[in-house]
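[1] Mind folding the following:
(chains A, B and C)
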Amino acid sequence: MSRWLQGLNEEQRQAVAAVDGPLLVLAGAGSGKTRVITHRIAHLMDGGVGPEAILAVTFTNKAADEMRERLAAMVGKKRAQVATLSTFHAFGLALLKDETQRRRRNARLVVFDTGDQLACLRELLRRVDLGRTFDLGSLLQRISGWKNAFLAPGELPSSDDPYDEAAAELYPRYLEQLEAYAAVDFDDLVCQPTKLLEGSAACRERWAARFRYVLVDEYQDTNAAQLRLLRALGGGHRNVCVVGDDDQSIYGWRGADVRNILRFGDDFPGAQVIALERNYRSCPPILALANQVIAANPERHPKQLRPTRHGGVKVRLVVGTDGESEARWVALHLKQAVERHGRGWGEAAVLYRSNILARGLEEALREHGVPYRVFGGAAFFDRKEVKDVSAYLRLCCNPFDEIALRRVINTPARGIGPVTVAKLAAWAEATPGRSLFAALQQAPEVLGAADRALAPIAELVALIGKHAPLLRGGGALADQGRMLIEATGLRGELERSSPSGKIFERRWGHVLGLFDGLAAYCRRVERPSLADYLNRLALFSSGDDDAEGPRDCVTLCTLHGAKGLEFPLVIMVGLEEGLLPHDRTLNPQANDLDSSGVDEERRLCYVGITRARDELVLTRAARRLIRGRAQDRQPSRFLEGLVAEDFELEDLSAPPPLEDVKAMVAALRARLGA
DNA sequence: GACCAGCTTATTTTT
DNA sequence: TAAGCTGGTC
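    Presented below is the predicted three-dimensional model:
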């Protein structure tokens, strides 16, 4: 027996051993999912499958890194390195590059992140008069949905929704723009590889022969396009193993489709299904609650989490009089847990549906001296200074990248104002095959010989003209990049616009960090290129910045952010109608796309509950300030009809029991000597 | 280009 | 309520 089958429970062992043919592993929360995946890969390798033939796809880079680390501990660093563990998007980019090179086409392309996509749409919206304002995000969501459904602009279903109409108007132009910029967005990274695979049997066979075993983690988070990619890739050999939990599908609002995991057997007929229901994480009362809460959802693979642990304290329901009282209770409870029950701060987490609840919590925690960190939040790549610098670098790689050019064109201010840019852009648009950068190069013809902007434009063109070849050469990239940025004067601009020296130092530190990352990349990779690094930056943005937080702290985090984490003590706050389920899912806005509704909110609640190992507290407030108005709040419907014996209720808003009042009065009387 | 006043709008977030 | 954005002014 392979050593990787040992130390597993029966179902886990089956999931690891069922190597050939399609397999769906329904991995309940805390059921040892990652263990199964890593053991499965190791087991494959033990059975003679080369690591290069294994592709494991995850949802985030963090998950991929974690998996590689655990795998390295099992089979050695070398073999773990050779296996392909990546996100759908990173894999898609690699496939795309490989195929364009094979076709001897220019493999140069930029990956647009959400900010770039929005900038592109904003520009289009300015150009096309649609008669009113639109929320860019809602438009982008629609376009993204169409792309992922492989619908070309001519194939859209008719609709009289103004947002559908506006998005349909912009959609073809958006595609044209990306093409002109040699850019791909995140959706393209899945859809374009799929089209390549579906369009050519030879291509399909090549990739299927290369990756004979495919695994997908967090399968409940995949969208329609990702399913199609998977089918194109694994439809031949059918050695496709997907792992996930339909009850933890919480990303329907950004395109994930639970039906993928509910109907895996339809896409891969004859698939084996193995459910991991033994939970190694939580105490029985917590699991009892989790099972009850999720059982009310209609569409799901029926399953129950079964505890392997014993004992445990009852789940507590705490009702504060208002938001402040709730937050105060949380702070005091955390303090008590540490001071009286010997917990470390780092063992506890406070989870909430919406970030607005974090504010009041932070206040209360600060007041009571509870150390905390907010998990998630503003990311490195969103910082203005980092974006400015990378826009310069992007422009050097690809003068067609108009989004980067627009960002850079007057940053730092050099006297090329919006009117000038508009003139240049109009010329570029009216002249077939000419980019905005070309307009800059021919500025004297475009703007006339007397234009005041000519000098700064010539300077900018010369700057890029000088540094672009150096940066595209590939040698000493970090040094070259620093020289470019030095020449732009961005540093001075940043210093001027920073409110304090300390803030400037921090911001400039981010810029330097970008170049440190570039230098490290150059050392790591055989044939480094700036374009490749920038694309990685777009694709691997979030991973490296959460190391900076202090360690022994209470974690504050949204329910979404908590997925995949676990804590000995979990406090979920705001268990009220309107917050969980959130008001926006109960009463969607006109421009909202149909979401998965209350079922998804219930799953969110389930995800929160199942993060807790030993102790779980659910809190709510009887009244709460909502947009400055005090409102009476109803308990969340997810707590309705629960079996009482598993809970303990603590109502800070209710009058104390009569016995207590009598005792208090008696005590008072005695003190007064009455 | 910087600043201010008034207006609008209030989820979740990774690639 | 309060933060973020727009449009106007200097």
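
[2] Please count neighbours and contacts with C-alpha atoms only from this point.
    Will do.

[3] So which residues on the stretch 1-150 of chain A come close to DNA strand B?
    Applying CA under 7 Å from any atom of the strand, we find that the stretch 1-150 of chain A lies next to DNA strand B at A:Phe59, A:Thr60, A:Asn61, A:Lys62, A:Thr87, A:Phe88, A:His89, A:Ala90, A:Asp113, A:Thr114.

[4] Inside helices: which ones of those residues?
    Among those, DSSP state H puts A:Asn61, A:Lys62, A:Phe88, A:His89, A:Ala90, A:Thr114 in helices.

[5] most neighbours, which of those residues?
    Using other CA atoms under 10 Å as the neighbour criterion, A:His89 leads these with 25 neighbours.

[6] Now the lengthiest helix in chain A - C-alpha only, CSV.
    Criterion DSSP H: the longest helix present in chain A is helix A:501-524. C-alpha atoms of helix A:501-524 as CSV (Å, rounded to 0.1, in the frame of the first residue of the first chain):
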residue,chain,number,x,y,z
GLY,A,501,7.8,62.8,5.7
LYS,A,502,6.9,59.6,7.3
ILE,A,503,4.0,58.9,4.9
PHE,A,504,6.3,59.7,2.0
GLU,A,505,8.9,57.3,3.3
ARG,A,506,6.3,54.5,3.5
ARG,A,507,5.0,55.3,0.0
TRP,A,508,8.5,55.4,-1.5
GLY,A,509,9.1,52.1,0.3
HIS,A,510,6.3,50.6,-1.6
VAL,A,511,8.0,51.7,-4.8
LEU,A,512,11.3,50.3,-3.8
GLY,A,513,9.5,47.1,-2.8
LEU,A,514,8.3,46.8,-6.4
PHE,A,515,11.9,47.0,-7.6
ASP,A,516,13.1,44.6,-4.9
GLY,A,517,10.5,42.2,-6.2
LEU,A,518,11.7,42.7,-9.7
ALA,A,519,15.3,42.0,-8.7
ALA,A,520,14.2,38.9,-6.9
TYR,A,521,12.2,37.8,-9.9
CYS,A,522,15.3,38.3,-12.1
ARG,A,523,17.4,36.1,-9.8
ARG,A,524,14.7,33.4,-9.8
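
[7] which outside residues touch the helix or strand following it?
    Next helix or strand after helix A:501-524 toward the C-terminus (DSSP states H and E): helix A:530-539. Contact with helix A:530-539 is made by A:89-90, A:108-113, A:381, A:390, A:393-394, A:397, A:471-472, A:474, A:477, A:518, A:521, as judged by CA atoms under 8 Å, 6 or more residues apart in numbering.

[8] Any idea how many residues pack against the spatially closest residue to A:Gly417 that is not a sequence neighbour?
    In this structure, A:Gly417 finds its nearest non-sequential neighbour in A:Asn410, 6.9 Å apart by CA to CA, 6 or more residues apart in numbering. The number of residues packed near A:Asn410 is 17, by other CA under 10 Å.

[9] picking up where we left off before, hmm, which two among the ones in helices among the residues of the stretch 1-150 of chain A next to DNA strand B are most spread apart?
    Pairwise distances among those were taken by CA to CA; the largest, 19.2 Å, belongs to A:Lys62 and A:Thr114.

[10] Near the residue in the stretch 251-400 of chain A that DNA strand B sits nearest to, how many other residues are there?
    The minimum distance from the stretch 251-400 of chain A to DNA strand B, using CA to the nearest atom of the strand, falls at A:Asn355 (3.4 Å). Neighbour count of A:Asn355, defined by other CA under 10 Å: 15.

[11] contacting residues for it?
    With contact set as CA under 8 Å, 6+ apart, A:Asn355 has these partners: A:Thr558.

[12] got it, and the one 3 residues further on?
    In this structure, A:Ala358 makes contact with A:Tyr352, A:Leu556, A:Cys557, judged by CA under 8 Å, 6+ apart.

[13] Most neighbours of all the residues you listed, which one?
    Counting neighbours by other CA under 10 Å, the top entry in the contacts of A:Ala358 is A:Tyr352, with 26 neighbours.

[14] roughly how far apart are that residue and A:Val214?
    Noted for A:Tyr352: a distance of 35 Å to A:Val214, by CA to CA, to the nearest Å.

[15] hang on, the earlier thing: of the contacts of helix A:530-539, select the buried ones using a ChimeraX command.
    Selection of the buried residues among the contacts of helix A:530-539 in ChimeraX, burial being defined by 16 or more other CA atoms under 10 Å:
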select /A:89,90,109,110,111,112,113,381,390,393,394,397,471,472,474,477,518,521
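
[16] Can you narrow the contacts of helix A:530-539 down to the ones near DNA strand C?
    Applying CA under 7 Å from any atom of the strand to the contacts of helix A:530-539, none is adjacent to DNA strand C.

[17] Just the buried residues of whichever strand or helix holds A:Asp116, please?
    Element membership of A:Asp116, judged by DSSP H and E, is helix A:114-127. For helix A:114-127, the neighbour count (16+ other CA under 10 Å) marks A:Asp116, A:Gln117, A:Leu118, A:Ala119, A:Cys120, A:Leu121, A:Leu124, A:Leu125 as buried.

[18] Now A:Thr585: closest residue in space, sequence neighbours ignored.
    With CA to CA, 6+ apart as the criterion, A:Thr585 has its nearest non-adjacent residue at 5.4 Å, and that residue is A:Gly597.

[19] ok, that neighbour touching A:Pro588?
    No. Using CA atoms under 8 Å, A:Gly597 makes no contact with A:Pro588, being 9.1 Å away.

[20] Which one's more surrounded, these two?
    Taking neighbours as other CA under 10 Å, A:Gly597 and A:Pro588 compare with A:Gly597 leading, 17 against 14.

[21] In terms of pLDDT, where does the more buried one sit?
    Here, the pLDDT recorded for A:Gly597 equals 85.

[22] Ok, A:Arg132 next?
    Note on A:Arg132: pLDDT of 75.

[23] what does A:Glu548 give?
    In this model, A:Glu548 carries a pLDDT of 49.

[24] Surely A:Gly573 and A:Ser354 touch.
    Rather than Gly, residue A:573 is Val. No. Applying CA under 8 Å as the test, A:Val573 and A:Ser354 come out as separate, 10.0 Å apart.

[25] higher neighbour count, these two?
    Remark: of A:Val573 and A:Ser354, A:Val573 carries more neighbours, 28 against 16, as counted by other CA under 10 Å.

[26] quick one: contacts for that one?
    A:Val573 touches A:Glu326, A:Val350, A:Leu351, A:Tyr352, A:Leu618, A:Thr619, A:Arg620, counting by CA under 8 Å, 6+ apart.

[27] Intersect those residues with the contacts of DNA strand C.
    Okay, of the contacts of A:Val573, nothing touches DNA strand C (CA under 7 Å from any atom of the strand).

[28] pLDDT on the longest strand along chain A, on average?
    Looking across chain A with DSSP state E, the single longest strand is strand A:612-621. Strand A:612-621 carries an average pLDDT of 96.
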